[in-house]
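Q: quick one, structure for this:
(2 chains)
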Protein chains: 2
Amino acid sequence: MSRVPRILEVRTRILKKNDELARQMRQEFLAAGVFVVNLVSSPGTGKTRLLEETLVRLQAQGWRVAAVVGDLETDNDARRLARSGAPVRQIQTHGCCHLEAHMVQEHLKGWILDSFDFLFIENIGNLVCPTSWDLGESLRVALMSVTEGEDKPLKYPGLFNTSDAVVITKTDLAEACEFSPALARQNLEAVRPGVPILETSAKTGQGVAQWVEFLCRRRGELLQPNRAPMTSLRP
Amino acid sequence: MSRVPRILEVRTRILKKNDELARQMRQEFLAAGVFVVNLVSSPGTGKTRLLEETLVRLQAQGWRVAAVVGDLETDNDARRLARSGAPVRQIQTHGCCHLEAHMVQEHLKGWILDSFDFLFIENIGNLVCPTSWDLGESLRVALMSVTEGEDKPLKYPGLFNTSDAVVITKTDLAEACEFSPALARQNLEAVRPGVPILETSAKTGQGVAQWVEFLCRRRGELLQPNRAPMTSLRP
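A: A predicted model of the protein is given here:
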């Protein structure tokens, strides 16, 4: 049966096209001084809640921030994020299970990239499909909530293995969920040795300052004023 | 650009093939008296925990049960479910984001269908991609946990709209998560009017007996001994 090779071939070509566009977008982002963060997780991990808090805190420190947020349907999340005062746009994919570089590019139209220090992309809630789609980000962050259990890195290694950092969310519920941070860290180490791991609760504020510091440090390392921007972060 | 129509065409053909196989499998399941349940949810919603409890309770009532469970990697879930004493098989998709009918068919080999009253299929943790893939089930159940928030039906309408029932899980955490069952029900009604909704906590046992009763009732309605099995449930 030829159907599997055929769809793989078509898929490979589309992915290659996406990678080329993403590479070009990354160059533009870095040239404009925008540090782009792609947030990926299951549905309901708390991406929007943490991002809203992040936008507020970064702005309070004088950073210029913006966000685009993906969902299959609704603009609920864009409306929630807009409460932070930052410019926010909603991408509705109408059934598509991940964001692609061209969707992000289209939703940036009319924004002056130079006017932002950080751009956050909140991906579709999905631990599988966003894995293969580079969006031109400089930092891919996988989030997992304590309510999902410690085994997610082992069961979805592709996503965790392509992430530059991991945020464990909803730590305020850890005890109620009998969640073991040590076991989660051990599982993350098994699939992505040395990955930075941050523990946060957007509800209590625990760990959020460290997360914001981490973002600023990573941005500084990449976009030092006396250094030419790197053209590519991923091999 | 022709790439979108081309991949859609290939995808449509594969889906059609899947639907034909699924229809044939459904006929075989019903002829053998097996009621097949496809459980779909986000990662970490608690499918495995509820299913383990379900297998135990159904067996205690004299029902003959089996399960196949899908994950990208690991056989953790099959090992957890096997503690119930029921025959269990693990499907590892190695990156594929959903189960397909042929994967289930292959993993049923060697089992005598007539020897089961219920077969549970635990799908890959994903609220998007399993939507389009019929597995020959007689009942598709979407699970959502109170930790994920009330808005999931609105944001992932495709899956909820193709489900025959919805189970809200982890109700023991509802208060800690400030989860509103009324709002969740309102959102479910908006995308799937009249869908049966069950609230459960596998941890405290709340609602699990009602869930098991619901399964037995549905099985009875479909597989009454004095009625020829229906050949198709979905149009």
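Q: count of residues packed around the residue nearest to A:Asn76 when sequence neighbours are not counted?
A: Of all residues not flanking A:Asn76 in the chain, B:Asp151 sits nearest, at 5.9 Å (Cβ to Cβ, 6 or more residues apart in numbering or on different chains). Yep, even glycine has a C-beta here, placed from its N, CA and C like the rest. By the other Cβ atoms under 10 Å in any protein chain shown criterion, the neighbourhood of B:Asp151 contains 20 residues.
Q: with A:Gly85 instead?
A: That count, for A:Gly85 with other Cβ under 10 Å as the rule, works out to 11.
Q: in terms of contact, does it touch A:Ala60 like I think?
A: No - A:Gly85 lies out of contact with A:Ala60 (Cβ atoms under 8 Å); the separation is 10.2 Å.
Q: where in chain A is pLDDT low?
A: A:1-5, A:225-235 (pLDDT under 70).
Q: please redo it, this time with the cut-off set to 90
A: Within chain A, the stretches with pLDDT under 90 are A:1-15, A:224-235.
Q: the longest helix in it is where?
A: In chain A, with assignment by DSSP state H, the single longest helix is helix A:3-31.
Q: got the angle between that one and helix B:3-31?
A: Put simply, helix A:3-31 runs at 130 degrees to helix B:3-31, going by axes from the mean of the first three to the mean of the last three Cα atoms, to 10 degrees.
Q: ok, helix A:3-31 near chain B or not?
A: Yes - using Cβ under 8 Å from any Cβ of the partner chain, helix A:3-31 comes into contact with chain B via A:Arg3, A:Arg6, A:Ile7, A:Val10, A:Arg11, A:Arg13, A:Ile14, A:Lys17.
Q: in stretch A:85-97, what's buried?
A: The neighbour-count check on stretch A:85-97 (16 or more other Cβ atoms under 10 Å in any protein chain shown) flags A:Ala86, A:Pro87, A:Val88, A:Arg89, A:Gln90, A:Ile91, A:Gln92, A:Thr93, A:Cys97 as buried.
Q: list only buried entries from the residues of helix A:3-31 next to chain B.
A: For these, buried by 16+ other Cβ under 10 Å: A:Val10, A:Ile14.
Q: and chain B, which of the buried residues of stretch A:85-97 reach it?
A: Checking the buried residues of stretch A:85-97 against chain B (Cβ under 8 Å from any Cβ), the matches are A:Cys97.
Q: of all the buried residues of stretch A:85-97, which comes closest to B:Val34?
A: A:Cys97 (30.2 Å; Cβ to Cβ).
Q: wait, doesn't A:Val69 sit right on A:Ile91?
A: Yes - using Cβ under 8 Å, A:Val69 is in contact with A:Ile91, at 6.8 Å.
Q: next up, identify which helix or strand A:Leu119 is on.
A: strand A:118-122 (DSSP states H and E).
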